[in-house]
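Asker: 3D, please:
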Amino acid sequence: MPDIPWSTPTPPAPDAEVYVMASRFETRTLAGALRFFLKSPGIILQIRKAPGAHGVALRARVLGRTFLTLSAWEDRDALYRFARSEPHRSSSRAAAAYMRESAFTFWSAPAPALPVTWAEAERRLAEEAGRP
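Answerer: Below you'll find the predicted structure:
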């Protein structure tokens, strides 16, 4: 499946610090992966319109039932406002029924470090999980 490449809804100021989140989701079944994947474009569009969003990308491995997300935000509050808003809020609750595992990691980065690479996101997620 193709990835949804990094997009920058609102560029941060060149000297800004941004709040970055990487996540990894694994579904229990292929049907769950398809449901997750079909909901993804709507959530990506929501992020692109969200106040304080500086970037978003999705790596979808539907047949492997694994998804990685990357997003960058003005600050932690902007991310949390998005997470509590619709349709993300309802989609997250519904996805819990078919999720096997979820992992998240957060960090601050200088604006010029955007876009974050998938290698960096995967490294940070592995560190968060205690894996080398």
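Asker: Who are the packing partners of the helix or strand containing E120?
Answerer: E120 belongs to helix 118-128 when assigned by DSSP states H and E. Using 3 or more C-beta pairs under 8 Å, 6 or more residues apart in numbering; DSSP states H and E as the contact test, the elements touching helix 118-128 are strand 17-27, strand 66-73, strand 99-110. C-beta here means a position set from N, CA and C on the backbone, and glycine is covered the same way.
Asker: Need the mean per-residue confidence for the shortest one.
Answerer: Just to be clear, that refers to strand 66-73. Averaging pLDDT along strand 66-73 gives 97.
Asker: Keeping just the C-alphas, turn the worst-scoring helix or strand of the chain on mean pLDDT into CSV.
Answerer: Every helix and strand of the chain was ranked by mean pLDDT, DSSP states H and E. The lowest is helix 88-95, at a mean of 88. Presented in CSV, the C-alpha positions along helix 88-95 are these (Å, rounded to 0.1, in the frame of the first residue of the first chain):
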residue,chain,number,x,y,z
HIS,A,88,-10.5,11.4,15.4
ARG,A,89,-12.1,10.9,18.8
SER,A,90,-14.8,8.5,17.6
SER,A,91,-12.5,6.7,15.2
SER,A,92,-9.9,6.0,18.0
ARG,A,93,-12.6,4.6,20.3
ALA,A,94,-14.0,2.4,17.5
ALA,A,95,-10.5,1.2,16.6
